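> With the input below, show me the fold.
(chains A, B and C)
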Amino acid sequence: MIVEAGHYALVLAFVLALFQATVPLIGVGLRDARLMQSARSVALTQFAFVAIAYAALTYAHVTSDFSLVNVYENSHSAKPLVYKISGVWGNHEGSMLLWVLVLSICGASVALFSRIMPETLRAGALGVQGWIGAAFLLFVLATSNPFARFAQAPLEGRDLNPILQDPGLAIHPPLLYLGYVGFSVTFSFAAAALISGRIDAGWARIVRPWVLAAWTFLTLGIAMGSYWAYYTLGWGGFWFWDPVENASLMPWLAGTALLHCMSVMQKRDALKIWTIFLAILAFSLSLLGTFLVRSGVLTSVHAFANDPARGVFILVILVLFIGGALVLFALRANTLQAGGVFAPVSREGALVLNNLLLTCACATVFIGTLYPLVLEAVTGEKISVGAPYFNLTFVPLCLPLAIAMPFGQQLAWKRGSLLGAAQRLTLAIGCEFLAVVALALVKGGPVLSVMAAGLAIFLITGSFADIGARALRGGGHVFARAFGLPRSAWATAIAHAGIGVTLFGLASTGWGVEEVARMQPGQTVAVGPYEVTVASITPGKGPNYDETVAHTLVRSGGVAITEINPSQRFYPVREMHRAEAGIATLGLGQIYMSVAEVNRDGSIDARLYWKPFVILIWIGALVMAAGGLLSLSDRRIGFAFVARARRSAAPAFQQAAE
Amino acid sequence: MIWVVFAVMTGLAVFSVLWPLSRSRRISPANLPNISLYEAQVAEIDRDAASGLIPAPDVPAAKAEAARRLLAVSAAQPRSAPSQRNLRIAALAAIILIPVLALGLYSRVGRPDLPDEPLSDRLQATDSGKTDIAAAIVRIEAHLREHPEDGRGWDVIAPVYLRLGRADDARRAFTEAIRLLGDSAAREAGLGEAILANAQGVVTAEARQAFEKAKAADPALPQPRYYLGVAALQDGKPDEARAIWTKLADEAPAGASWVPVIRQRIAALDGTPAAGPDGAAGKSIAALPPAQRAAAIRSMVEGLSARLQQSGGSLDEWQRLVRAYSVLNEPEKARAALIHARKNLSGDAGANAELDRLAHQLGLEG
Amino acid sequence: MRAICLALLFSLVALAPAHAVRPDEVLADPQLEARARAISAELRCMVCQNQSIDDSDAPLARDLRLLVRERLKAGDSNDAIRTFLTARYGDFILLKPPLKLDTVLLWAGPGTILLLGALIILMRRSNGNNEVRSGAELTAEEGAELASILSSKDEAQRQAG
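Numbering: from 1, shown residues only, chains lettered A, B, ... in the order given. You can find the predicted model right below:
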């Protein structure tokens, strides 16, 4: 009964989404307050029903109710509880339901939050959200229904793909979806602005926290996905320019540009066209990513669905929403009043450059990802576009961006001075040269790594130059001033520094050491500054797998530091092998060991790496996300929760106006 | 029961649309958000001016921009008197369309007749008497996961796996049972069959080993011996296979159900029995070069002799054998065959008379 | 760029003795082995998604790695090996798509978009440079309206509060 109640709840959610899509927008058109206000309660109730449906599906997974096709195909009674729960989104139907759940959570949040959101805007945005929700709910019910049943239930399921039975799985998709779907909210707000013909600083104030939240989650989701690939796929690679990875990178690039536009819009009421365009682009790329993954156009670790009906449905959704938005944009862009004017060398100018480079980078990834597919469709010829292509096209776009970032931070609104900015950055530039020299002396290493690391130091120190300058200016204690600065200033510095940290991590891959050896128990191999000894190789058993584990000791200068246990696993139900890497984090680097092969004579073919500073790659992403969260906590930027209006604190203006 | 739940949910859905439409008082003046926003913007302009991000001369212009925005949106506020007609239409649409659409769509995708089937409930239900093999298996498997050292469990489930065709599982189960409970003919035989099934019917070395062990433990068990015969056949030794099977069939207790099967296989082995030189077999032997022909004839004769000695035969067959030996110029063997024949046909006076006549004919008396 | 990449690779080699992905694949000659690694990094493992044969554990990847080393021992140049492999497997095996008529758009795309974007921005700047705002100060009418709006808010607060 619970299952079918969840099923019915999903149907009701779809019907309510239809209402949410029509009634408020009619209200906006007729300027009828009550029709517009209906949006809030409908959005909240729709969320409640989707939540009930999701809870019912989770219940079915947890109790191993194999009368559901979804549970049969993706679960097993022996699976550990945590993977029963996270396995709900480890398959196509369940993950689509999660998508829709996050969408409805966002809708409910728009309904609840923000005392400063005008009703017209709220109704318009919820209306467009309703359209998106209705489209995807219909998709779920028609082609990917997780509540499909067997009349005669089997007694055991087919287990979850072993690669997906991992803690990283528990975090990566929900984070990503919060990002993707968060951009649907900005899309809805942008569409609502186009419909009403008005977009201004007030709009930016309301939408900015949504962009920040979506961007932060997407950053975390991508970082988590990359780290998961790093330790799961057993080869130590963390980015393959895989089409699915690219599908998450593209909205991130567009989202970063959008983020910067929002601050310009909020302060200066400028860059309106950019903003709307990027808001539409970010969500369109999210939808495109959905299409790429689920239509079966590609196959990778991520591919779930191979059903053409689904692909066509998503394609139709894509065309309708992106096409509709672009048509709306073309028709209404002219009604957007031009905003503030600025000189080419100014904060706004720098942000225009930023947008240009980020959009081009996004376009590059887009071309590189879709070109093979299009070429194959048109001429039948198959080509590969991999890391070498992106290194030659994407990286040269990022370098000027990295250099420009600290400069842009220093420029004033409307009109700025490059010379002044450079002067304030002398310390940072000095640090860069010091770093380059020091690294060249110590590591001698690859030219690229040393230069990139130097650039990273410049970025990190340059990001804080702004804070430093402001703290030093004027009287009072330096630290007091520094901490008295608005949180958004700190957030910007921290987020930009995060990019520098990641860049340093990427640069340090040039200093890595790799060893490949056939190892017997008792054998030692030197890897970088450490020695790795295989103590023993033993068989083991997990709840749904058999494994061979190499118990290994990591030593430095003869002193044992830590133990790692890489293994090769075999999952009998799915008949799949999976290698578990053994990783020891030592300082900022890692010893990474992977068992490539277990040989008959009891030895293992192992791959050992010493990767100095490698965790900086993901720590940088965490730092970026921290900047985003800090920004959200700033009352001037973040969500305005308080329902009651506060007493005005600026009576001076009434006097000035009189 | 479930329809009650559906009705409640539908009611909630309709209510969520009706409630805001029916509220008569406004929560807050519609313009309040805009005013709050204006004030926030002005405050921010001041802050930015203080930190130097906005040059001082630009500050009044910036504030004026904010003020103008407020004026513009205030002018575009929604009318305060909502049209009753619209509200009624919306309400009616909600009351009618929500249930109709929801139930209509659900009737196409939903299965309200199927109850929840959590696994634990299903396994408990089968305890109450119904013999459901599949459920029993699941229970035993779950038990074995908890207690992998329970030999009896493995022993019980292994033959079930085998019957169900789950060769891999059967093999593992038999291995575990043997490990935990020790060898037994039945287990080794089962293991052998499981390995066999996995290898698509080929008797591998491991299978043969298992069957040998089973046979040693209990020679009366038919399966191991049968499969050893199959092994011989697969090794290219049909005679050995026939010998094994014939012995097996002969030693079988009367009325054993598997005997006809064995006999059939033996018959299949023989193919066209070598009736004589005129038969097809005979012609083919005649076609061989002399040395091989002699060898072929000899092996046929030996085969016949072995068979007759082991399982006896008709008078006609014994006569053939004796004549064959005499043709091959082996009088001793011919005499030995005669003795065997007489023993075999001892009850039959007529047959014995015939044998005597044959002996006399061939000059084998004495 | 190419020189930098080569320098990068060679310095990697200088830092750490180069081993192949499996112990039994290592070539005796370190120079040849370095070339093998360099070539392998640019060849796609054809049953994986965008991984090079250097990165992949698939059996096919291993076969290709051995093939590359065989050809190197036979004395082929890097280009000859690449030609040989593309003749066998098509352009699909190269992770860096060759510059052909088919791939002109692919290689020229990013640069073109950058130029186009820059052009559009410059054009818009030269077109729409007029100050839309009428004045830096509010007029008397506007000021009065502003005051009435702000007071309406205080009114509402008093009622609610």
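> Need the pLDDT of residue C:141.
For residue C:141, the model assigns a pLDDT of 79.
> Now it. Its backbone dihedrals?
The phi/psi pair for residue C:141 (degrees, to the nearest 10) reads phi -60, psi -50.
> where do the helices sit along the stretch 251-366 of chain B?
Secondary structure of the stretch 251-366 of chain B (DSSP state H, counting those that start in this stretch): helices at B:259-270, B:280-286, B:290-311, B:315-327, B:331-344, B:349-362.
> any idea which helix or strand carries the residue nearest to residue A:322 when sequence neighbours are not counted?
Distance criterion CB to CB, 6 or more residues apart in numbering or on different chains; nearest residue to residue A:322, sequence neighbours excluded, is residue A:284 at 4.4 Å. In short, each C-beta sits where N, CA and C put it, glycine included. Assigned by DSSP states H and E, residue A:284 belongs to helix A:272-294.
> Return the list of helices and strands in contact with the helix or strand that that helix is followed by.
Next in sequence after helix A:272-294, counting helices and strands by DSSP H and E, comes helix A:308-332. Packing partners of helix A:308-332 (3 or more CB pairs under 8 Å, 6 or more residues apart in numbering or on different chains; DSSP states H and E): helix A:119-143, helix A:167-196, helix A:272-294.
> Buried residues of helix A:308-332, list them for me.
For helix A:308-332, burial by neighbour count (16 or more other CB atoms under 10 Å in any protein chain shown) applies to A:310-311, A:313-314, A:317-318, A:321-322, A:325, A:328-329, A:332.
> Would you mind giving the orientation angle of that helix with respect to helix A:272-294?
170 degrees (axes from the mean of the first three to the mean of the last three CA atoms, to 10 degrees).
> just how off-centre is helix A:308-332 within its chain?
Offset of helix A:308-332 from its chain centre (CA atoms, centre = their mean, to the nearest Å): 23 Å.
> Give me the angle between it and helix A:119-143.
Using the same axes, to 10 degrees, helix A:308-332 lies at 160 degrees relative to helix A:119-143.
> Tell me the secondary structure at the residue of the stretch 51-200 of chain B found nearest chain C.
Relative to chain C, the nearest point of the stretch 51-200 of chain B is residue B:61 (4.1 Å; CB to the nearest CB). Classification of residue B:61 using DSSP: H, G, I helix; E, B strand; the rest coil returns helix.
> re the thing from before, and the helix holding residue A:284, what does it pack against?
Using 3+ CB pairs under 8 Å, 6+ apart, helix A:272-294 is in contact with helix A:92-112, helix A:167-196, helix A:201-232, helix A:243-268, helix A:308-332, helix A:347-379.
> Now it - C-alpha only, CSV.
The C-alpha trace of helix A:272-294 is given here as CSV (Å, rounded to 0.1, in the frame of the first residue of the first chain):
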residue,chain,number,x,y,z
LYS,A,272,21.7,42.6,-18.4
ILE,A,273,21.9,40.8,-21.7
TRP,A,274,24.9,38.8,-20.5
THR,A,275,23.0,37.8,-17.4
ILE,A,276,19.9,36.6,-19.0
PHE,A,277,21.8,34.8,-21.7
LEU,A,278,24.0,33.0,-19.2
ALA,A,279,21.1,32.1,-17.0
ILE,A,280,19.4,30.5,-19.9
LEU,A,281,22.7,28.9,-21.0
ALA,A,282,23.5,27.4,-17.6
PHE,A,283,20.3,25.5,-17.3
SER,A,284,20.3,24.5,-21.0
LEU,A,285,23.6,22.9,-20.5
SER,A,286,22.3,21.1,-17.4
LEU,A,287,19.5,19.8,-19.6
LEU,A,288,21.9,18.9,-22.3
GLY,A,289,23.9,17.0,-19.7
THR,A,290,20.8,15.1,-18.7
PHE,A,291,20.2,14.2,-22.3
LEU,A,292,23.8,13.0,-22.9
VAL,A,293,23.8,10.7,-19.9
ARG,A,294,20.4,9.2,-20.2
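> could you give the angle of it to helix A:243-268?
Using the same axes, to 10 degrees: helix A:272-294 against helix A:243-268 is 160 degrees.
> pLDDT on helix A:272-294, on average?
88.
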